[in-house]
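S.K.: Fold the stuff below for me.
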Amino acid sequence: MLPALIALSATLAAPVPLGTHETFGGTVNDTRTGATIRMACFGPDRPGRLGHPMAGQSVGVFIPEVLADPSFGRTGDPARAIVVSIATGSGHPVRVARIRHLQLTRPVISATRPLPIWPMLPCGGHATVRFTPVPLTDGGHPATVEVTLAGQP
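M.R.: Numbers count the residues shown, from 1 in each chain. Model prediction:
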């Protein structure tokens, strides 16, 4: 019985390559819409104040089974990875993760990575998290998740 369970768990966690012209979605803290990134900014908010994301947060990619949404992306020709970046509207987007392999995790194919705590981001406001297939080829486009950056009280 134990060898059968080990074989089953190995099958469920098998790496799955990104497919050609594959539709995919992104998540921030396991949420596709209305996501919040908690910022380590304590005390009253001031315009222009920067801080770091708090530990214990995540970004993820998933292959939807039947869902469709304008915020989903497509890989175009075979992508080797999906690069996750945060764009706040001030300066260049900050790369925070690279996802190369997804896992077959019932009921979906997905992958999650920790949101690093090193980026300097505004303590409050809104940002767009982009999930861009690499290389970005014809027919490919990023998935997006709109987030609220929230300083802690």
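
S.K.: Please make it C-alpha for all contacts and neighbour counts, starting now.
M.R.: Will do.

S.K.: Identify the spatial nearest neighbour of Lys38, chain neighbours not counted.
M.R.: Just so we're on the same page, residue 38 is Arg rather than Lys. Ala150 (5.1 Å; CA to CA, 6 or more residues apart in numbering).

S.K.: what's around that neighbour, how many residues?
M.R.: Residues near Ala150, counting by other CA atoms under 10 Å, number 19.

S.K.: And it, how far from Val16?
M.R.: Between Ala150 and Val16 the computed distance is 34 Å (CA to CA, to the nearest Å).

S.K.: what do you get for Phe24?
M.R.: 13 Å.

S.K.: With His141 instead?
M.R.: For His141 relative to Val16 (CA to CA), the value is 20 Å.

S.K.: which one of the two has more residues nearby?
M.R.: Set His141 next to Val16 and count neighbours by other CA under 10 Å: His141 wins out with 22 against 14.

S.K.: Quick check: pLDDT value at the more buried one.
M.R.: Looking at His141, its pLDDT reads 94.

S.K.: same question for stretch 111-122, mean pLDDT?
M.R.: Mean per-residue pLDDT for stretch 111-122: 95.

S.K.: Perfect, I'm done here.
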